[in-house]
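K.L.:
Structure for the following, please:
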Amino acid sequence: MFRIRHFLFLICALVLVSAHSQSRGDSFLKPSDTLHNSRRNAVVIAETSLATLTLIGLDQLWYADFPRSKFKTINDTDEWLQMDKLGHVFSSYQLGRLGANALRWSGVSKKDQLIYGATLGFGFLTAVEIFDGYSEEWGFSWSDMVANGLGTGLYVGQELLWDEQRITMKYSFHQTQYASQRPDKLGEGFLEELLKDYNGQTYWLSANVHSFFKDSKIPKWINLAVGYSAEGMLTGKEENVNNIFITQNRQRQFFLSLDVDLSRIRTNSRVLRTVFDVLNVIKVPFPAIEFNGKNGIKLHYIYF
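P.N.:
Numbering: from 1, shown residues only. This next block holds a predicted model:
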């Protein structure tokens with residue numbers, strides 16, 4: 001199951017890159033044309049240290065609160081209308097993108113960027129999944145592993161096919177009425193709900209239009225985005241929990257909207273490019289068309 005701790009490494013890494021990038025300026029941010037050993041070593045040490053500290057922190061601060069068990073597997077494929085699986089795809093993709101970009105900045109070859117950088121998310125989330133396997137509360141989920149592989153594959157596949165990311169994974173969120181009904185599971189307050197309330201999360205495949213039509217006059221930063229979300233979920237499955245949650249009105253939602261690829265906005269400032277690249281994980285709010293089995297087609301004048 002995809003929970004708040006899976007975001008910790010992604011958020012810490014993005015903040016670290018952003019802060020470090022802005023402190024040194026444009027010359028520092030320029031990718032090296034050849035292998036820069038000191039940069040590569042710094043990237044490897046920083047990523048290894050961050051991943052190790054995060055895993056130790058999870059073990060001591062999260063898993064220590066739950067009983068340990070023998071290693072076991074679970075089948076949670078049908079929980080939360082697969083929203084948690086998309087969370088795995090998203091995190092694996094974004095961490096892989098971050099790892100590859102860091103090695104590109106170091107002047108590492110394209111092959112090694114994909115082998116050692118783009119697999120960062122898959123490796124980290126695999127370690128977390130193994131922790132789950134030894135926890136009485138959860139278990140090792142093969143469907144989570146498949147989702148992790150899809151996220152890594154989405155990044156690597158596009159680099160091999162197009163040598164660029166024409167389709168990116170993005171995230172958006174809005175608060176819902178459901179978290180207040182079960183704050184222990186869905187979060188209490190905006191920051192917790194942002195990471196735990198699946199009802200308010202939407203995951204997007206955001207395709208850059210110009211990259212598919214290179215000779216067109218379409219602005220290079222315009223994207224067309226397809227999103228997936230679900231709502232009416234108070235439990236993982238549609239079930240009665242302690243005779244409280246009987247009818248949940250669970251439904252899937254599909255969206256069509258425009259988006260902005262911030263990484264393609266032209267600027268001479270490498271610091272600003274880095275900031276745009278970090279913020280590019282978020283879907284820019286736009287009008288959207290929703291398709292669902294309950295209400296058919298619904299227009300949102302602005303959708304978060």
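K.L.:
Show me the shaky parts of this structure.
P.N.:
1-26, 239-247 (pLDDT under 70).
K.L.:
my guess is Thr274 contacts Leu29, does it?
P.N.:
Yes - using C-beta atoms under 8 Å, Thr274 is in contact with Leu29, at 6.0 Å. Backbone N, C-alpha and C define where each C-beta goes, glycine included.
K.L.:
The two: which has the busier surroundings?
P.N.:
Thr274 (20 against 17; other C-beta atoms under 10 Å).
K.L.:
now Gln158, nearest residue through space, not along the chain?
P.N.:
Gln165 (5.4 Å; C-beta to C-beta, 6 or more residues apart in numbering).
K.L.:
Wait, a strand at that neighbour?
P.N.:
No - read with DSSP: H, G, I helix; E, B strand; the rest coil, Gln165 is coil and lies in no strand.
K.L.:
What count of nearby residues applies to the residue nearest to His174 when sequence neighbours are not counted?
P.N.:
Leaving out its chain neighbours, the residue that sits closest to His174 by C-beta to C-beta, 6+ apart is Phe304, at 4.2 Å. By other C-beta under 10 Å, the residues close to Phe304 number 15.
K.L.:
and if you look at Pro285?
P.N.:
Neighbour number of Pro285 under other C-beta under 10 Å is 15.
K.L.:
For it, what are phi and psi?
P.N.:
phi -60, psi 130 (degrees, to the nearest 10).
K.L.:
do Ala225 as well
P.N.:
phi -120, psi 140.
K.L.:
Next: Gly227.
P.N.:
Dihedral angles for Gly227 - degrees, to the nearest 10 - are phi -120, psi 160.
K.L.:
so what's the residue lying closest to it once chain neighbours are set aside up against?
P.N.:
Once flanking residues are discounted, Gly227 sits nearest to Phe255: 3.7 Å by C-beta to C-beta, 6+ apart. By C-beta atoms under 8 Å, 6 or more residues apart in numbering, the contact list for Phe255 reads 202, 204, 225-229, 288-291, 300, 303.
K.L.:
what about Phe255, which helix or strand?
P.N.:
Using DSSP states H and E, Phe255 sits in strand 251-260.
K.L.:
Restrict that strand to CA atoms and write it as PDB.
P.N.:
What follows is strand 251-260, C-alpha atoms only, in PDB (Å, rounded to 0.1, in the frame of the first residue of the first chain):
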ATOM      1  CA  GLN A 251     -16.400   5.600  -8.100                       C
ATOM      2  CA  ARG A 252     -13.600   6.100 -10.600                       C
ATOM      3  CA  GLN A 253     -13.000   9.400 -12.400                       C
ATOM      4  CA  PHE A 254     -11.200  10.200 -15.600                       C
ATOM      5  CA  PHE A 255     -10.100  13.700 -16.600                       C
ATOM      6  CA  LEU A 256      -9.000  15.500 -19.700                       C
ATOM      7  CA  SER A 257      -7.300  18.900 -19.300                       C
ATOM      8  CA  LEU A 258      -4.500  21.200 -20.400                       C
ATOM      9  CA  ASP A 259      -1.300  21.600 -18.600                       C
ATOM     10  CA  VAL A 260       2.000  23.500 -18.700                       C
END
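K.L.:
ok, which stretches of the stretch 51-200 of the chain are strands?
P.N.:
73-74, 140-141, 167-173 (DSSP state E, counting those that start in this stretch).
K.L.:
Can you lay out those as CSV showing mean neighbour count?
P.N.:
Output for the strands of the stretch 51-200 of the chain, formatted as CSV (neighbours: other C-beta atoms under 10 Å):
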stretch, mean neighbour count
strand 73-74, 14
strand 140-141, 21
strand 167-173, 21
